[in-house]
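Novice: I would like the atomic coordinates for the input below:
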Amino acid sequence: DQLILTANQRLAAQIHQAWGKSMGDSAKVWKAPRVMSLEHWLNFCWNELQDQNHPLVEGYAQIGKIQNLFYWEQAISQQDDSLDSSFATMASDCYELLQRWKITVDNLEDPCTAVYKFKRWATSYQKIIKNNKLLTPASAWQLVGQGFLQQALPKEQYIHLYGFQSIPPLQQWIIEPASQ
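Specialist: A predicted model of the protein is given here:
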């Protein structure tokens, strides 16, 4: 049994469609390949841990996009209430990229004002979501990686990667213990 992880859901759908066409009339029924986007697979693994009520994830929920922006707006307004909500989207995107590349906010070393402000916003944001027992997708995926290391999730016999130019370190770190 092999798993094919793609860079996006559209590519996964195209692979499924091509597989179906390649089967043509030669078979009435066939086993479809397991093809998912990497993010879809990570969320699937998160849901598996949730279904198990595994101690790693007990009491936590993954934050939604709208909820995430709301909490970023709160964190920013705690620091500077004169800023509009457009900064929330930029801060959220930046924070997500940092997490995917396994860079902590504390490791940002740039004396410019923008980085200083972002670090303050991020610290407030982290406190807010921690108090609400919420996790960003990347934080949830870190727990998925721990789930594989603790053997709470079954390893994949083979994982094939398709359509990637690069894979962020966090996701690479999860794929390694997930495959045998």
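Novice: and the longest helix along the chain, how far from the chain's centre?
Specialist: As assigned by DSSP state H, the longest helix anywhere in the chain is helix 113-131. In terms of CA atoms, centre = their mean, to the nearest Å, the gap separating the centre of helix 113-131 from the centre of its chain is 20 Å.
Novice: contacting residues around it?
Specialist: Here helix 113-131 makes contact (CB atoms under 8 Å, 6 or more residues apart in numbering) with 63, 71-72, 74-76, 78-80, 87, 91, 94-95, 105-106, 108, 135-136. C-beta: built from backbone N, CA, C; applies to glycine.
Novice: go with 6 Å
Specialist: Applying CB atoms under 6 Å, 6 or more residues apart in numbering, the external contacts of helix 113-131 come out as Tyr71, Trp72, Ala75, Ile76, Gln78, Gln79, Ala91, Tyr95, Val105, Leu108.
Novice: show me where the protein has its strands.
Specialist: Using DSSP state E, the strands assigned to the chain run over residues 2-6, 34-37, 61-62, 134-135, 158-162.
Novice: please name the nearest non-neighbouring residue to Gln165.
Specialist: Ala7 (7.7 Å; CB to CB, 6 or more residues apart in numbering).
Novice: save the strands of the chain as JSON lines, and put in mean pLDDT, mean neighbour count and distance to Thr113 too.
Specialist: JSON lines is the format used below for the strands of the chain (pLDDT from 0 to 100; neighbours: other CB atoms under 10 Å; distance: least, CB to CB, whole Å):
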{"stretch": "strand 2-6", "mean pLDDT": "95", "mean neighbour count": "20", "distance to Thr113": "40"}
{"stretch": "strand 34-37", "mean pLDDT": "96", "mean neighbour count": "18", "distance to Thr113": "37"}
{"stretch": "strand 61-62", "mean pLDDT": "97", "mean neighbour count": "16", "distance to Thr113": "32"}
{"stretch": "strand 134-135", "mean pLDDT": "98", "mean neighbour count": "18", "distance to Thr113": "29"}
{"stretch": "strand 158-162", "mean pLDDT": "96", "mean neighbour count": "14", "distance to Thr113": "40"}
